[in-house]
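Novice: Structure of the sequence below:
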Amino acid sequence: MKTIRQKIKFIITHPSRLSFILRKVYCNVILKRFFKAWGVNSLIQKPLFCSYAFINIGQNVSIGKHARIEAIEEWNGISYKPEIIIGDGVSIEQRLHLVAGERVKIGSNCTISYDVMITDVDHQYEQINTNASHQPLNISETIIGDYCFIGA
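Specialist: All right, here's what the predicted structure looks like:
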């Protein structure tokens, strides 16, 4: 069995391990206060954008770098009440793009690969001469069950 001194020496001599530990402490002590709910032992690594107040994170969740997790509160003068729920034991690789206008739920123990987009929002495209991003939204909740795998 390794002594405390050996464990500390390992952490100090492996900067990536030290960085990981510091990020985990930061998430579970400071960052969790900004989320709607935060499960113990969860980690989100340097997101690009995050609508913290609308996100429920379960226990033992890991979200890779450069995630964009966005809740749409208002679009073209219409208000929405978004909710993002990530269940226990979910593992998400880097560059997730998740957008919610109503409700996006990822069940427990799911694995989501890199470069995946999950959304409950789509732009209507009824006015041919108007950019689609300026048209109203179609919103319908998205639910991913437990034990799912979503590839790139």
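Novice: Enumerate every residue touching Ile86.
Specialist: Residues in contact with Ile86, defined by C-beta atoms under 8 Å, 6 or more residues apart in numbering, are 55-58, 61, 63, 92, 106. The C-beta positions use only the backbone N, C-alpha and C, and glycine is treated the same way.
Novice: Can you redo those residues as a markdown table, where the extra columns are pLDDT and neighbour count?
Specialist: Formatted as a markdown table, the contacts of Ile86 follow (pLDDT from 0 to 100; neighbours: other C-beta atoms under 10 Å):
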| residue | pLDDT | neighbour count |
| --- | --- | --- |
| Ile55 | 97 | 25 |
| Asn56 | 98 | 15 |
| Ile57 | 97 | 26 |
| Gly58 | 98 | 20 |
| Val61 | 97 | 24 |
| Ile63 | 97 | 26 |
| Ile92 | 98 | 25 |
| Ile106 | 98 | 24 |
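Novice: Let's have those in CSV, adding secondary structure and distance to Leu22.
Specialist: Below are the contacts of Ile86 laid out as CSV (DSSP: H, G, I helix; E, B strand; the rest coil; distance: C-beta to C-beta, whole Å):
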residue, secondary structure, distance to Leu22
Ile55, strand, 22
Asn56, strand, 25
Ile57, strand, 19
Gly58, coil, 22
Val61, coil, 18
Ile63, strand, 17
Ile92, strand, 20
Ile106, strand, 26
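Novice: okay, among these, which ones form the most distant pair?
Specialist: Asn56 and Ile92 (14.4 Å; C-beta to C-beta).
Novice: Point out where the chain drops to low pLDDT.
Specialist: Applying pLDDT under 70 to the chain flags the ranges 1, 7-15.
Novice: All set now, cheers.
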